[in-house]
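Asks: Prediction below, plus the sequence it came from.
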Amino acid sequence: MAGTKEQHPKPAEQDFHDPYGHGHSVAAWVAVVVVLIGSLLATIAVGFGINEYLWLFIVGMVIAVVVGPVVGKVLGAMGFGAQPHSSH
C-alpha cells in the first residue's frame, strides 16, 4: 500500500533500576583507568622482552592488581563511589 504509514505499537518504557550503581561513579572509573595503565605497562614489558623488562612487568602487575582496587575503595570511602538510590 503505497503512501500509507504502518502503525507499530510503541514499546513500553521500562524504568531501569540499578540499586548498586555499577560503574556509574568517579571511584569506579578511576580504578578502571589505573588497572588499565598497570596492564599496559605489563604488556609493554612482555612485548619488549620480559627478561630485560622484568621490573616493568612487576610494577605494572602491582599497579593493576593492588593499586587500582585500593584506589577505587579509597575514593569510594571518600564519597566518590556510587550513591545508593532511594526506593520509590
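Replies: The structure has been received and is ready for your questions.
Asks: okay, CA-based contacts and neighbour counts for the rest of this
Replies: OK.
Asks: those strands in the protein, which residues are they?
Replies: Applying DSSP state E to the chain gives no strands.
Asks: Now for it: which helix has the highest residue count?
Replies: The longest helix of the chain (DSSP state H) is helix 26-48.
Asks: Count the residues that sit near the closest residue to Pro69 other than its chain neighbours.
Replies: The spatial neighbour of Pro69 that comes closest, neighbours along the chain excluded (Cα to Cα, 6 or more residues apart in numbering), is Ala31 at 6.0 Å. Neighbour count of Ala31, defined by other Cα atoms under 10 Å: 22.
Asks: Would you quantify the distance from Ala31 to Gly38?
Replies: Going from Ala31 to Gly38 by Cα to Cα, to the nearest Å gives 11 Å.
Asks: Pull out the buried positions in the longest helix of the chain.
Replies: By neighbour count on 16 or more other Cα atoms under 10 Å, the buried set for helix 26-48 is 26-28, 30-32, 34-46.
Asks: One more: stretch 71-80?
Replies: Quick answer for stretch 71-80 (16+ other Cα under 10 Å): Val71, Gly72, Lys73, Leu75, Gly76.
Asks: Other residues contacting that stretch?
Replies: Residues from elsewhere that reach stretch 71-80 (Cα atoms under 8 Å, 6 or more residues apart in numbering): Ser25, Val26, Ala27, Ala28, Val30, Ala31, Gly81, Ala82.
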